[in-house]
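Colleague: Here is a sequence together with a model predicted from it:
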Amino acid sequence: DASDIEKGTYAHFMLKEIDEQPLVVRNIISKYRNEAGEVELSEDIRNAILESDRIYIIAAGTSYHAGLVGKQLIENFAKIPVEVHVASEFSYNMPLLTEKPFFIYISQSGETADSRAVLVQTNEMGYKSLTVTNVPGSTLSREADYTLLLHAGPEIAVASTKAYTAQLAVLAILAADIAKAKGHSVGLDLTKELGIIANTMEVLCGQKEEMEKIAQEYLATTRNCFFIGRGVDFYVGLEGALKLKEISYIQAEGFAGGELKHGTIALIENGTPVIALATQAHVNLGIRGNMKEVVARGANPCTISMKGLEMEGDRFVIPAVHEMLSPLASVIPLQLISYYAALHRECDVDKPRNLAKSVTVE
Ligand code: G6P
């Protein structure tokens, strides 16, 4: 029961939940492992997905951001086209569906009304669905055909952290399982790579002082902050910006590196913090170029890169992990930076103004 969960020695649930992420990933590995020691899906879920010609991911907030990364994983590994939609839009602005759609609802709580409204519609239309949720027996879990659990333990802080990385881990397992069933090589041993991710998360959670310094240096007094990235780094940037908005009330936005010049760069002033993620080799030069553009306009640059892609002047380097799984690692510095920014600005970290943990009205 959530009310029994305590903070222990932690000042806030959010920090405790950030620190729980290595454990959650290890827990997911053990829950999804088969007798051969490899992570996999149950046969009924696998078969249902194999029958579909397109996956529609429906979610809100942080879960929507996990869906964006999930799309990359599923399309890359399993070669099934994926569309990701914000639940509140989908219910009245439904795209043309393919002949055999399969719906994946991502929801930490399993209670988000916007997502449920879509599930009610797709159930009426007779389409198969899967809910990826942290809460067994939740509404979305009960009303969908299948459920994949996050096994993350109750998440109490309003700002979602461990549920996001758990969602990514479960979606990676789904993607790799379907790929294997279809005979596509994914080019990685996912069980092993997730183990590496858990270890890397632990290293990153041990670098809180560094994150606190970054928060102080860049975010102590600023009124805005931009996150940029290309590829999945863009999606993680969106989540980084959402975290910062939610708990520190700094106006933060995530942008695709290449899109900056088409408008947003007009907002860059002397000292505007721009946080860039650089974890993808094929876009490393591109994002570096974008950083040069903002620096030339006075931005205060904070590049977070991955080992092997680092360049002089990077503010923080995360250990090397498999590129496809980098969001599971790169989001952690962003979560911690947001946490410390909120702390410095004396905001209510666990219960930010105007927000609810689970939004059960449309
Ligand atoms: C609320 C929370 C967010 C969360 C969103 C979706 O707005 O404040 O943190 O991401 O709902 O919640 P869900 O439970 O469906 O993942």
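Modeller: Everything's here; your move.
Colleague: What ranges does the stretch 201-350 of the chain have for its strands?
Modeller: 224-229, 251-256, 273-278, 300-306, 316-318 (DSSP state E, counting those that start in this stretch).
Colleague: pretty sure Phe227 is in contact with Lys243, am I right?
Modeller: No - counting by C-beta atoms under 8 Å, Phe227 sits too far from Lys243 to count as a contact (9.7 Å). To be clear about C-beta, it is placed using only N, CA and C from the backbone, and glycine gets the same treatment.
Colleague: Overlap of the contact sets of those two?
Modeller: The contact sets of Phe227 and Lys243 overlap at Leu334 (C-beta atoms under 8 Å, 6 or more residues apart in numbering).
Colleague: coming back round to it: wait, which of the strands of the stretch 201-350 of the chain is closest to the ligand?
Modeller: strand 251-256 (14.8 Å; C-beta to the nearest ligand atom).
Colleague: Show me what from the stretch 1-150 of the chain comes close to the ligand.
Modeller: Neighbours of the ligand within the stretch 1-150 of the chain, by C-beta under 6 Å from any ligand atom: 60-63, 107-109, 112, 115.
Colleague: Most widely separated two among these?
Modeller: Comparing all pairs in those by C-beta to C-beta, the longest separation belongs to Thr62 and Ser115, at 12.6 Å.
Colleague: Could you pull up the residues touching the nearest residue to Lys261 once chain neighbours are set aside?
Modeller: Excluding the flanking residues, the one nearest Lys261 by C-beta to C-beta, 6 or more residues apart in numbering is Glu293, at 6.7 Å. Neighbouring residues of Glu293 by C-beta under 8 Å, 6+ apart: 260-261, 265.
Colleague: All the helices of the stretch 51-200 of the chain, in order from the start?
Modeller: Secondary structure of the stretch 51-200 of the chain (DSSP state H, counting those that start in this stretch): helices located at 61-73, 87-90, 113-124, 139-143, 162-182, 190-205.
Colleague: Turn the ones you listed into a markdown table, columns for mean pLDDT, distance to Lys7 and mean neighbour count.
Modeller: Converted to a markdown table, the helices of the stretch 51-200 of the chain look like this (pLDDT from 0 to 100; distance: least, C-beta to C-beta, whole Å; neighbours: other C-beta atoms under 10 Å):
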| stretch | mean pLDDT | distance to Lys7 | mean neighbour count |
| --- | --- | --- | --- |
| helix 61-73 | 98 | 21 | 24 |
| helix 87-90 | 96 | 31 | 20 |
| helix 113-124 | 98 | 29 | 19 |
| helix 139-143 | 98 | 27 | 19 |
| helix 162-182 | 98 | 14 | 25 |
| helix 190-205 | 98 | 16 | 20 |
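Colleague: Redo these as TSV? Include distance to Gly286.
Modeller: Below are the helices of the stretch 51-200 of the chain laid out as TSV (distance: least, C-beta to C-beta, whole Å):
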stretch	distance to Gly286
helix 61-73	17
helix 87-90	29
helix 113-124	34
helix 139-143	38
helix 162-182	23
helix 190-205	24
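Colleague: For the residue in the stretch 201-350 of the chain positioned nearest to the ligand, give its distance to Val361.
Modeller: Among the residues of the stretch 201-350 of the chain, Glu246 lies nearest to the ligand; the distance is 7.0 Å by C-beta to the nearest ligand atom. According to C-beta to C-beta, to the nearest Å, Glu246 stands 19 Å off from Val361.
Colleague: out of the two, which sits in the busier spot?
Modeller: Comparing Glu246 with Val361 by other C-beta atoms under 10 Å, the one with more neighbours is Glu246, at 24 against 7.
Colleague: Next, the contact list for the more buried one, please.
Modeller: 158-159, 338, 352, 355.
Colleague: near the ligand too, which of these?
Modeller: Among the contacts of Glu246, the ligand is touched by 158, 355 when using C-beta under 6 Å from any ligand atom.
Colleague: Select only the buried ones of the contacts of Glu246 in ChimeraX?
Modeller: Remark: buried members of the contacts of Glu246, expressed as a ChimeraX selection using 16 or more other C-beta atoms under 10 Å:
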select :158,159,338,352
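Colleague: sorry, back to before: of the strands of the stretch 201-350 of the chain, which is nearest Met94?
Modeller: Here strand 251-256 is closest among these (C-beta to C-beta), at 25.5 Å.
Colleague: show me where the stretch 251-362 of the chain has helices.
Modeller: According to DSSP H, counting those that start in this stretch, the helices that the stretch 251-362 of the chain contains are 284-296, 326-344.
Colleague: what's the last one packed up against?
Modeller: In this structure, helix 326-344 packs against helix 13-19, helix 162-182, helix 190-205, helix 208-219, helix 232-248, strand 273-278, strand 300-306, strand 316-318, with contacts taken as 3 or more C-beta pairs under 8 Å, 6 or more residues apart in numbering; DSSP states H and E.
Colleague: possible to save these as TSV with distance to Ser326?
Modeller: Output for the helices and strands packed on helix 326-344, formatted as TSV (distance: least, C-beta to C-beta, whole Å):
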stretch	distance to Ser326
helix 13-19	17
helix 162-182	10
helix 190-205	9
helix 208-219	18
helix 232-248	7
strand 273-278	8
strand 300-306	6
strand 316-318	8
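Colleague: So which of the ones you listed is nearest Arg46?
Modeller: Going by C-beta to C-beta, the one of those nearest Arg46 is helix 162-182, 5.6 Å.
Colleague: Do that closest one and the ligand come into contact?
Modeller: No - for a cut-off given as C-beta under 6 Å from any ligand atom, helix 162-182 has no contacts with the ligand; the smallest distance is 6.6 Å.
Colleague: Great, nothing more from me.
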